[in-house]
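Visitor: got a predicted model here, sequence first, then my questions.
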Amino acid sequence: MSIHDKINTAVVGATGYTGLDLVLLLSKHPKVNIKYLCATKNLGKNINDFDQRIKKKLPKISSAKKINYNKLDLIFLSLPNGEAQNIIKNNFYKNRNLKFIDISADFRITNSRIYEKNYNTKHKAKKYIKESLYSIPELNNKNINEFRIIANPGCYPTSIQIPLVPLIRKNLINNQDITIDSKSGYSGAGKNLEKKFKHKNLYSSVYAYNVKHHRHICEIDQQLLKLTKKKINFTFNPHLLPTFRGILTSIYVKTKKRNSGNSLRLALIKFYKKFKFIKVLKINSPLGTGNVLNTNNCEISICETRIKGKYIIFCAIDNLIKGASGQAIQNMNYLYNFPEHLGLT
């Protein structure tokens with residue numbers, strides 16, 4: 001595809017939190033035509049009835065059954081887990097040039113039995129898993145153009161892999177007893193938040209949950225092993241915050257030999273020097289989510305502790321953008337040889 005061409009896209013699941021951010025970003029992307037916006041409810045309504053940030057005149061909300069797949073180059077699937085696999089299975093051969101970016105977990109896990117155990121649902125498109133590529137663009141060393149299904153990573157796993165993978169590869173930190181503490185805005189749970197979380201004072205309290213069996217653990221396990229070729233021993237403690245968006249992940253590590261915090265920082269700077277969205281701050285910089293909200297940026301800070309050789313790596317992203325819709329567009333840019341940052345700055 002020429003850099004001058006526009007691609008025809010559809011967003012299925014356009015009215016969810018991630019879907020709306022995705023539509024907003026795509027509506028401003030200079031190489032995208034949005035042909036369909038799909039949902040199961042509110043058919044016939046305008047998308048800006050749900051998000052007034054979206055100014056461009058776009059197709060009205062329709063059912064995914066109305067899509068003419070022969071008119072599309074790419075379809076974004078922003079759906080609950082278990083639903084994207086049906087659409088891909090039923091439409092994979094209708095248009096052999098059509099590509100899919102799945103923002104759910106349906107194609108993230110390469111072992112379907114592990115997927116079924118963690119997501120409590122049968123995988124109905126197992127044979128298509130091999131046609132998919134899990135892609136955090138900064139860590140993806142494969143040729144993305146060879147795949148028709150791109151599995152967009154989870155938000156927590158994105159905030160964990162980006163700071164950890166280069167340090168493990170360089171053998172700078174101890175691979176055992178890593179503690180990962182992640183705090184997310186409640187938008188990460190979707191619009192059915194109140195059905196998933198019933199704790200008291202939901203919108204004004206911090207809540208720790210699923211410490212042993214959070215479903216993202218299998219994704220983190222799989223990708224750390226795949227990307228580093230090393231078995232990593234970690235605990236993962238997720239928390240829900242009474243803020244709408246943003247993730248702050250704190251990773252507690254011990255260095256190997258005499259590696260300093262500055263050596264960790266320099267390794268990250270070197271690894272990500274060609275990528276626009278990864279920002280490594282000065283050593284011991286305080287870090288929150290404020291700078292990354294509504295951006296595709298990822299900020300990282302290495303901080304010393306009172307214990308010699310022990311450091312905390314802070315990583316901040318917007319869960320709905322770098323953790324979902326923005327990363328999906330970043331993957332699209334790589335898929336079609338557009339500049340990495342196009343539509344994201």
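Guide: Ah, there it is.
Visitor: contacts and neighbour counts: CA atoms only from here.
Guide: Will do.
Visitor: residue contacts, Ile109?
Guide: Going by Cα atoms under 8 Å, 6 or more residues apart in numbering, Ile109 touches Tyr115, Cys218, Glu219, Gln222.
Visitor: any idea how far it lies from Gly309?
Guide: Applying Cα to Cα, to the nearest Å, the value for Ile109 to Gly309 is 34 Å.
Visitor: can you say which of the contacts of Ile109 are buried?
Guide: Tyr115, Cys218, Glu219, Gln222 (16 or more other Cα atoms under 10 Å).
Visitor: okay, and the closest residue to the last one other than its chain neighbours sits in which element?
Guide: The shortest distance from Gln222 to any residue that is not its chain neighbour, by Cα to Cα, 6 or more residues apart in numbering, is 7.6 Å, and that residue is Ile109. Here Ile109 is covered by no helix or strand, with elements defined by DSSP states H and E.
Visitor: mind showing which ranges of the stretch 1-150 of the chain have poor pLDDT?
Guide: Low-confidence segments of the stretch 1-150 of the chain (pLDDT under 70): 1-4.
Visitor: the same query, at a cut-off of 90, please.
Guide: Across the stretch 1-150 of the chain, the ranges flagged by pLDDT under 90 are 1-5, 93-94, 96, 140-143.
Visitor: mind listing the strands for it?
Guide: Along the stretch 1-150 of the chain, counting by DSSP state E, counting those that start in this stretch, strands occupy 7-12, 32-38, 61-62, 74-77, 99-102, 132-134, 149-151.
Visitor: Gly343: which of the ones you listed is closest?
Guide: Between Gly343 and those, the shortest gap by Cα to Cα is with strand 32-38, which sits at 9.5 Å.
Visitor: name the residues that touch that closest one?
Guide: 6-14, 26-27, 47, 58-64, 67, 72.
Visitor: strand 7-12 and that strand, what's the angle between them?
Guide: Between strand 32-38 and strand 7-12, the angle comes out at 20 degrees (axes from the mean of the first three to the mean of the last three Cα atoms, to 10 degrees).
Visitor: strand 32-38 pairs with which strands, and in what direction?
Guide: Pairing partners of strand 32-38, with direction, according to DSSP bridges: strand 7-12 (parallel), strand 61-62 (parallel).
Visitor: dump the residue contacts of Thr40.
Guide: Gly13, Ser62, Ser63, Ala64.
Visitor: let me know the closest of the residues you listed to Gln330.
Guide: Closest to Gln330, out of all of the contacts of Thr40 and judged by Cα to Cα, is Gly13, at 18.8 Å.
Visitor: next, give phi and psi for the closest one.
Guide: phi 90, psi 40 (degrees, to the nearest 10).
Visitor: domains in the protein, by residue range?
Guide: Split into domains by automatic domain parsing, the chain comes to 7-153+323-335, 156-322.
Visitor: any idea how far apart the tips of the last one sit?
Guide: The distance separating the two terminal residues of domain 156-322, taken as Cα to Cα, comes to 10 Å.
Visitor: show me how far it is from its chain's centre.
Guide: 13 Å (Cα atoms, centre = their mean, to the nearest Å).
Visitor: got it, and the first one?
Guide: Shown here is domain 7-153+323-335, whose average C-alpha point lies 12 Å from the average C-alpha point of the whole chain (Cα atoms, centre = their mean).
Visitor: got a quick ChimeraX command for the buried subset of the contacts of strand 32-38?
Guide: Applying 16+ other Cα under 10 Å to the contacts of strand 32-38 leaves a buried subset, and the ChimeraX line that selects it is:
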select :7,8,9,10,11,12,13,14,26,27,47,58,59,60,61,62,63,64,67,72
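Visitor: quick revisit: possible to save the strands of the stretch 1-150 of the chain as a markdown table with distance to Ala316?
Guide: Converted to a markdown table, the strands of the stretch 1-150 of the chain look like this (distance: least, Cα to Cα, whole Å):
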| stretch | distance to Ala316 |
| --- | --- |
| strand 7-12 | 27 |
| strand 32-38 | 28 |
| strand 61-62 | 33 |
| strand 74-77 | 25 |
| strand 99-102 | 23 |
| strand 132-134 | 21 |
| strand 149-151 | 22 |
